[in-house]
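S.K.: output the structure for:
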Amino acid sequence: MLRSAFASITFAAAITVAGVAGMVSPASAADRTEMNDSTYIAIAHCAGVSEGLGADASGFDKVLSDQDVGRQSVVLERAKQVRDQTASNARRAGADTKGHLQAELDGACRAYLN
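M.R.: Residues are numbered from 1 along each chain as shown. Below you'll find the model as predicted:
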């Protein structure tokens with residue numbers, strides 16, 4: 001339960017950081033890709049969940065690859081950090097937390113692939 005709460009807090013912090021990074025970005029909407037930075041980082045989180053649970057992350061990798069053009073390096077780096085940390089946490093999680101992560105992967109994360 002504690003790890004699940006930690007994962008939720010980490011994810012919420014990542015989204016907050018991404019939102020702030022997006023707000024201070026000097027690029028205009030016309031210069032940006034279709035996906036906002038918060039969503040990009042959320043998909044990186046999902047890729048980390050998938051990787052950490054030993055599932056196929058190629059769908060998330062494709063979306064991230066398709067959306068990285070024109071993205072600021074700070075956002076790309078934060079997405080990598082979120083993915084790596086999430087994968088690490090998922091690998092070390094107990095059975096209960098892994099169940100919650102699997103539900104997240106099958107629900108909210110899967111929506112990014114449709």
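S.K.: quick check, central residue of this protein?
M.R.: Residue closest to the average C-alpha location in the chain (CA atoms, centre = their mean): His45, at 2.2 Å.
S.K.: where in the protein is the helix or strand with the lowest mean pLDDT?
M.R.: Lowest on mean pLDDT, DSSP states H and E among the helices and strands of the chain sits helix 2-23, with a mean of 52.
S.K.: next secondary structure after that helix?
M.R.: helix 37-52 (DSSP states H and E).
S.K.: helices and strands around the helix or strand that that following helix is followed by, which ones?
M.R.: Later in the chain than helix 37-52, the nearest helix or strand by DSSP H and E is helix 58-67. Here helix 58-67 touches helix 37-52, going by 3 or more CB pairs under 8 Å, 6 or more residues apart in numbering; DSSP states H and E. C-beta: built from backbone N, CA, C; applies to glycine.
S.K.: which other helices and strands contact the helix it packs on?
M.R.: For helix 37-52, the packing partners by 3+ CB pairs under 8 Å, 6+ apart are helix 2-23, helix 58-67, helix 73-92, helix 95-104.
S.K.: before we move on, back to that, and the pLDDT at the residue nearest to the centre of the chain?
M.R.: Note for His45: predicted pLDDT of 98.
S.K.: tally of neighbours for Asp96?
M.R.: 11 (other CB atoms under 10 Å).
S.K.: my read: Ile41 touches Ala79, true?
M.R.: Yes - Ile41 is in contact with Ala79 according to CB atoms under 8 Å; the separation is 5.0 Å.
S.K.: who's more crowded, those two?
M.R.: Using other CB under 10 Å as the criterion, Ile41 and Ala79 rank with Ile41 on top: 28 against 25.
S.K.: from Arg71, how far out is that one?
M.R.: Remark: distance between Ile41 and Arg71 (CB to CB, to the nearest Å) = 10 Å.
S.K.: quick revisit: joint contacts of Ile41 and Ala79?
M.R.: In terms of CB atoms under 8 Å, 6 or more residues apart in numbering, Ile41 and Ala79 are not both contacted by any residue.
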